[in-house]
Each structure stands twice: as structure tokens, then as C-alpha cells.
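Peer 1: below is the sequence, then the predicted model.
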Amino acid sequence: MSIPAVTRTVHRHVDVDGVRVFYRESVPDRADAPVLLLLHGFPSASHQYRRLIDALGTGYRLIAPDYPGFGHTRTPDGFTYTFDRLADIVEDFLQRLGLSRFVMYVFDFGAPVGFRIAERHPDWIAGLIVQNGNAYEEGLSDGARAFIALRPGEPGAEDTIRDLLTLHGTRGQYETGTRDPHLIAPDGWTLDQHFLDLPGRKDAQVALAFDYHSNLQRYPAWQAWLRKHTPPALIVWGRRDPFFPEPGARAYLRDLPEAELHLFDTGHFALEESLPEIAPLIAEFLDRLWPGRP
């Protein structure tokens with residue numbers, strides 16, 4: 001009986017501008033393995049990629065940090081939670097690790113964080129994997145538009161946000177749109193809720209929710225960046241996503257007509273249900289891009 005190779009993953013903290021950033025990193029068999037930066041979504045953290053890291057980590061160097069306000073990352077009192085600041089910390093984190101060339105996987109919040117970094121350092125981006133990470137107006141559902149329109153001080157606005165930060169709301173983000181909820185392990189949404197319930201975490205998420213409109217203002221700049229730099233791109237998308245529906249995936253082809261697009265009959269957290277189909281696509285994409293790979 002042959003036993004498949006098992007991924008070794010290290011779990012570390014690194015201090016960045018007063019923030020103690022936690023990250024996961026696979027240890028591949030080859031020192032020159034392709035590098036894939038995994039940028040997580042809301043309300044999750046790097047643990048959402050644990051199965052992908054297990055699946056691909058022997059052949060590729062996968063690195064997944066937790067943002068400030070998420071997962072195991074620790075922030076100082078008074079930290080300002082905006083998408084600009086999240087990108088600042090991730091940018092500094094990458095510099096601390098000496099990463100200057102990688103394929104970037106953006107999902108959900110990972111898109112506004114990742115595209116900010118790409119604008120600042122286009123030379124860092126060897127390729128782009130987009131999984132339910134929106135950069136187009138048509139990729140917003142009516143519900144998402146209504147949520148993004150909430151503003152501080154409006155009656156009921158903060159309560160609406162906090163309703164999403166409950167166990168019911170967190171579980172719904174994982175299970176809504178899936179073919180079979182029994183394929184969705186409860187570990188993800190229960191761990192997310194554990195972190196959300198830590199002191200100060202819901203306040204951080206409220207602040208980020210009120211700042212989300214800043215991302216829509218940058219959509220034209222991100223689209224212009226895609227047209228200018230035309231990174232090789234793989235788009236894998238859960239087409240039943242209640243927040244970022246299928247038109248958001250197809251919109252990328254307007255600016256990246258050579259991108260490879262795959263749609264899956266699942267929801268927002270597509271890897272939870274469709275990892276067996278998505279992981280080989282990622283491996284093939286990385287092998288095509290990276291010098292020296294077969």
C-alpha cells in the first residue's frame with residue numbers, strides 16, 4: 001500500500017508595525033517550489049485554507065496570513081480597522097518574509113486587500129487566482145448592495161451588521177448555496193464564531209463593514225490595473241454565492257479575456273464543497289506559470 005505524501009505546515013507569528021501577524025506556511029519538497037499567497041475572507045481566517053494547504057503543500061509553498069481582527073493575529077489597542085490598514089499590514093508582512101514574486105489567491109475580503117497590494121507592487125504578482133473575490137459592480141447581489149450602503153449613525157445600521165456576526169449568520173455564509181450542506185464541515189464556521197466572539201472582534205468587523213464602500217470606489221482603478229498588467233488568471237467561482245453572484249466572475253473576462261474561468265454549483269466558500277475539483281486546477285495553473293516546472 002502506497003501512502004500519499006503528507007504536507008508539513010508551520011504556524012508562526014511575525015511582528016509587523018505593532019501587529020503580531022499569525023500565518024500558516026507549507027514546507028514543500030523543493031526549495032524552488034511555486035509560491036501561492038492565500039488571502040482569506042470574512043468572517044474567516046487562514047484556517048479556511050487548511051485543506052487546500054494539505055492537498056497542495058508538498059509541491060507548492062502556500063502562505064496564508066490572518067489579517068488584523070481575524071484568527072490568531074493580535075492587534076494593539078487603538079488599531080484602526082480599514083481596508084487600507086489591512087493592506088498595509090499584509091504588505092509589510094510580505095516584505096518581512098522577503099516575498100517579492102508570487103501567485104495571489106484572492107477570496108472575498110482578500111480581493112480588496114490583494115488588489116491594493118497589487119496596485120502598489122505590480123511586479124510582485126506572477127499570477128492571479130480569483131475565488132468569489134469581487135471587483136465589479138455587477139458582481140454585487142441586491143443584498144450585498146444594501147449591506148454596503150449602511151452608514152454609521154443610521155438607525156438600525158450597526159444592528160444589521162451585528163446580526164451577521166452571530167452563529168446563525170456565520171453558519172449561513174458557509175451553507176447557503178451549497179449542493180449538500182452535509183459536505184460542509186462545522187469546524188470552519190464554529191472556529192470563525194469563536195474568533196468573532198473574542199473581545200473587540202465584533203467592533204473590528206463593524207468598522208470594516210462601514211468601510212467596505214471604499215472598495216467600490218476603487219473598482220475602476222483595479223479594473224484598469226488588470227487591463228494594464230494582464231496577469232495570467234484562473235477564476236474559480238461558486239455560482240450560488242448570495243453575496244457575489246456569477247456575473248462578478250464573468251466580468252473579469254472583460255479586462256482579462258485570456259483568463260481561465262470555472263464555475264461551480266456551490267456557495268460563497270467554494271473550497272469547502274468543491275476542493276476536489278478546484279485543487280487540481282490550481283496545481284495546473286501554478287505549473288504553467290512557474291519557471292522550471294514541468
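Peer 2: Right, received. Where do you want to start?
Peer 1: excluding its backbone neighbours, what's nearest residue 72?
Peer 2: Closest residue in space to residue 72, ignoring its immediate chain neighbours: residue 22 at 3.6 Å, by Cβ to Cβ, 6 or more residues apart in numbering. C-beta coordinates here come from the backbone N, C-alpha and C atoms, glycine included.
Peer 1: what's the next secondary structure element after the helix or strand encompassing the one you found?
Peer 2: Assigned by DSSP states H and E, residue 22 falls within strand 19-27. Reading on from strand 19-27 to the C-terminus, the next helix or strand found by DSSP H and E is strand 35-39.
Peer 1: other residues contacting that next one?
Peer 2: 46, 49, 52-53, 56, 60-65, 90, 94, 99, 101-107, 109-111, 113-114, 129, 282, 286 (Cβ atoms under 8 Å, 6 or more residues apart in numbering).
Peer 1: list the buried residues of the strand holding residue 22.
Peer 2: Within strand 19-27, the residues that qualify as buried are 19, 21, 22, 23, 24, 25, 26, counting by 16 or more other Cβ atoms under 10 Å.
Peer 1: taking these together, which two end up most distant?
Peer 2: 19 and 26 (22.8 Å; Cβ to Cβ).
Peer 1: tell me where the model's unsure across the chain.
Peer 2: 1-4, 291-294 (pLDDT under 70).
Peer 1: give the buried residues for the longest helix along it.
Peer 2: Criterion DSSP state H: the longest helix present in the chain is helix 270-289. Of all the residues in helix 270-289, those buried under the rule 16+ other Cβ under 10 Å are 270-275, 278-279, 281-283, 285-286.
Peer 1: TSV for those residues, including distance to residue 42?
Peer 2: Below are the buried residues of helix 270-289 laid out as TSV (distance: Cβ to Cβ, whole Å):
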residue	distance to residue 42
270	15
271	15
272	15
273	18
274	19
275	20
278	20
279	23
281	24
282	22
283	27
285	25
286	26
